[in-house]
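Colleague: my questions are about this predicted structure, shown below with the sequence.
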Amino acid sequence: MTSADAGPPVPPPSLAAQLRVWIGIGLQSFGGGPATLLLMRRYLIRQRGWIDEPAFTLDWTLAKTTPGITLIGLTALLGRRIGGWPGLVVALVGLLVPAVAITILLAAGYTVIRDVQVVGQAIDGIAPVTIGLTLAMSVIFVRSTLRAGRGAVVDLAVLAVVLVAGFMAPQTSVVIIIAAAAIGWAILGEAAPPPPETDHDPVAD
């Protein structure tokens, strides 16, 4: 398909719309972790259609393999992809400001109730829940990159080889990451363009 056949480019969503969505994510996902990833996928992919699954997975992979805090890096990449450099700034502000404010309030409140028995029991249950959410996100990412038919067999075989290599030779993790990225790039090819923006506001749900 040539550029002439692709039609006019879809304009990016307004900065106000982007800010509303990122604030909604930030208000619901303070503390980070798999919950933030699930919210990003829900709002940015499923409800808004600003990006597609391959693009999200690519940015997540880049954020994981570069120095720094992964979620902040992912937010910056997604914001840049959706709205350019202004979108990057809006994404970081919308995600971090509410999350930081809520975290400060919770930390202050925890100093008051930390000796209550039920609070200690609740904290003990955080680790299993986090592990479960992490496993769920891993399954979602794998499913989002699998192709149909015989291509899925190739994708699963590559995934199995990379996992085995990672466990057998952890000292060569950098080599494994580079090799896996090259293989994935060759197999997955170009991602389809994201669907156009809709007028539905996920934060209002």
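Modeller: All right, it came through fine.

Colleague: what number of residues lie near G109?
Modeller: Number of residues near G109 (other CB atoms under 10 Å) recorded here: 10. C-beta coordinates here come from the backbone N, C-alpha and C atoms, glycine included.

Colleague: now it: which helix or strand?
Modeller: Assigned by DSSP states H and E, G109 belongs to helix 70-113.

Colleague: tell me the mean pLDDT for that helix?
Modeller: Regarding helix 70-113, the rounded mean pLDDT is 88.

Colleague: identify the residues contacting the helix or strand just after it?
Modeller: Once the chain leaves helix 70-113, the next helix or strand it forms, by DSSP H and E, is helix 117-124. Contact partners of helix 117-124, identified using CB atoms under 8 Å, 6 or more residues apart in numbering, comprise Y110, I113, R114.

Colleague: and the helix holding G109, what does it pack against?
Modeller: Judged by 3 or more CB pairs under 8 Å, 6 or more residues apart in numbering; DSSP states H and E, the packing partners of helix 70-113 are helix 15-28, helix 34-40, helix 53-64.

Colleague: would you mind listing the buried residues in the last one?
Modeller: Residues of helix 53-64 classed as buried by neighbour count (16 or more other CB atoms under 10 Å): E53, P54, A55, F56, T57, L58, D59, W60, T61, A63.
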